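A.B. asks: Okay, sequence plus prediction incoming.
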Amino acid sequence: MKIKKNQDRDDTVEQNQTPVSHTTSFAATDEEQGGRLDVLLTNRFPELSRSHLQKLIAGKLVTVNGKAAKANYKAQADDQIMITFPAAKPIEIVAESIPLAILYEDADIIVLNKARGMVVHPAAGNYQGTLVNALLEHCTDLSGINGEIRPGIVHRLDKDTSGVMVAAKNDRAHLDLAEQIKSRTASRKYLAIVHGNIAEEQGIINAPIGRHPSDRKKMAVTFSNSKEAITRFRVVERFVNYTFVECRLQTGRTHQIRVHMQYIDHPVVGDPKYGPEKKRFAIAGQALHSAELSLRHPATGETMIFTAPLPDDMAAILNQLKTSKREEQ
């Protein structure tokens, strides 16, 4: 993707797609009989929130047997359900002068140490201040495979997770890196501070992750509509009531480390979604850091390892824990 810049419209990405709506239909199954329409649709379209689907129903964009229906309609087997997804509104992704901690850059890739609190790419209601906005300002080229919302983005970190990320500057590099991530030949090491003292020195958490059954904004270990998820962990240091751990992902599910650590009753310190409400430490988000990224350069084939130092907020927590540990001894 060439980044379009000029004096009149500097900093914007060229918009060249005409948005269109699309419609899909299906017949309700015997298993779906008796269920609420909004719940049925949520199960059919897990990538969409229930509230979003309820808005489509309220907007008469969902019909049952040719007629608009209410969210609490109880489906019958063989009901013909049609849903129209309205065209997305055109948006402009603006290049912004945001400081970046660049660890490496050449004609094919750029490797960064993402700050905690920075969103990786624009999304509904949040089109500014993201890593993509910063990359558009810094780079003259980015891969266009992921479209105008996520140019160059091969993988992502949660907003409140810091550390190493790589972005692709052309489509060839993007495809190569995506394959490395998919095949796990590119690997990442995370560091986390978790609640409690993990009994084992190391372990494997093999528990499927899917959308939380009652809170669509969260993920959970579940055997319903879930995918395989495997996290390996190793204890780095133990403290009073806390553990410093290294984690490596064998799969790449949303919030994987955070969900798995909560699942084994050791949630990540500061985690606003999966941790306890009471916060002891001054950290804006979870104490989780992508410390190392190993990959094969997409052009040269050279194995490269990038590291990002522990951020100040996590280092301060560890210093506090070390002090408490010495006082206990």
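C.D. replies: Here it is on my side, so go on. Keep in mind that this is a model prediction, so the values were computed, not measured. Numbering: from 1, shown residues only.
A.B. asks: Ile149 contacts Pro122, doesn't it?
C.D. replies: Yes: using Cβ atoms under 8 Å, Ile149 is in contact with Pro122, at 5.5 Å. For the C-beta atoms, the positions are set from N, CA and C on the backbone; glycine is no exception.
A.B. asks: who has more neighbours, the two?
C.D. replies: Neighbour count, other Cβ atoms under 10 Å: between Ile149 and Pro122, Pro122 has more, with 21 against 17.
A.B. asks: Report the contact partners of the more buried one.
C.D. replies: By Cβ atoms under 8 Å, 6 or more residues apart in numbering, Pro122 lies in contact with 91, 93, 128, 130, 132-133, 149.
A.B. asks: if we go to 10 Å?
C.D. replies: Contacts for Pro122 (Cβ atoms under 10 Å, 6 or more residues apart in numbering) come out as 91-94, 128-133, 148-150.
A.B. asks: and the residue nearest to Lys273 when sequence neighbours are not counted, how far is that from Ile149?
C.D. replies: Leaving aside its sequence neighbours, Lys273 sits nearest to Lys218 (Cβ to Cβ, 6 or more residues apart in numbering; 5.8 Å). Distance check for Lys218 against Ile149: by Cβ to Cβ, to the nearest Å, it reads 23 Å.
A.B. asks: mind listing the helices for the chain?
C.D. replies: 37-44, 50-58, 131-138, 171-183, 256-263, 312-328 (DSSP state H).
A.B. asks: And the ones you listed: which comes nearest Arg211?
C.D. replies: Closest to Arg211 of the helices of the chain is helix 37-44 (Cβ to Cβ; 8.7 Å).
A.B. asks: rewinding a little: pick the most buried one from the helices of the chain.
C.D. replies: Compared across those, helix 256-263 shows the largest average neighbour count, a mean of 24 (mean count of other Cβ atoms under 10 Å).
A.B. asks: Leu61 contacts Thr84, doesn't it?
C.D. replies: Yes: counting by Cβ atoms under 10 Å, Leu61 touches Thr84, with 4.5 Å between them.
A.B. asks: Could you chop the chain up by domain?
C.D. replies: The chain breaks down by the TED database into domains covering 22-85, 102-328.
A.B. asks: Would you mark the buried spots in stretch 278-298?
C.D. replies: Using 16 or more other Cβ atoms under 10 Å as the test for burial, stretch 278-298 gives 283, 285-298.
A.B. asks: So which of the residues you listed are in strands?
C.D. replies: Counting by DSSP state E, the buried residues of stretch 278-298 place 288-296 in strands.
A.B. asks: Just flag the most distant two among these.
C.D. replies: Set against one another by Cβ to Cβ, these have their most distant pair in Leu288 and Arg296, with a gap of 25.4 Å.
A.B. asks: any low-confidence regions in the chain?
C.D. replies: For the chain, residues meeting the criterion pLDDT under 70 lie at 1-21, 46-47, 88-91, 125, 145-147.
A.B. asks: and Glu200, how many neighbours does it have?
C.D. replies: 10.
A.B. asks: tell me the contacts of the nearest residue to it once chain neighbours are set aside?
C.D. replies: Spatial nearest neighbour of Glu200, excluding adjacent residues (Cβ to Cβ, 6+ apart): Val235 at 7.5 Å. Val235 makes contacts with 194, 197-203, 243-246, as judged by Cβ under 10 Å, 6+ apart.
A.B. asks: Show me which of these are buried.
C.D. replies: Listed as buried from the contacts of Val235 are 194, 198, 243-246; burial here means 16+ other Cβ under 10 Å.
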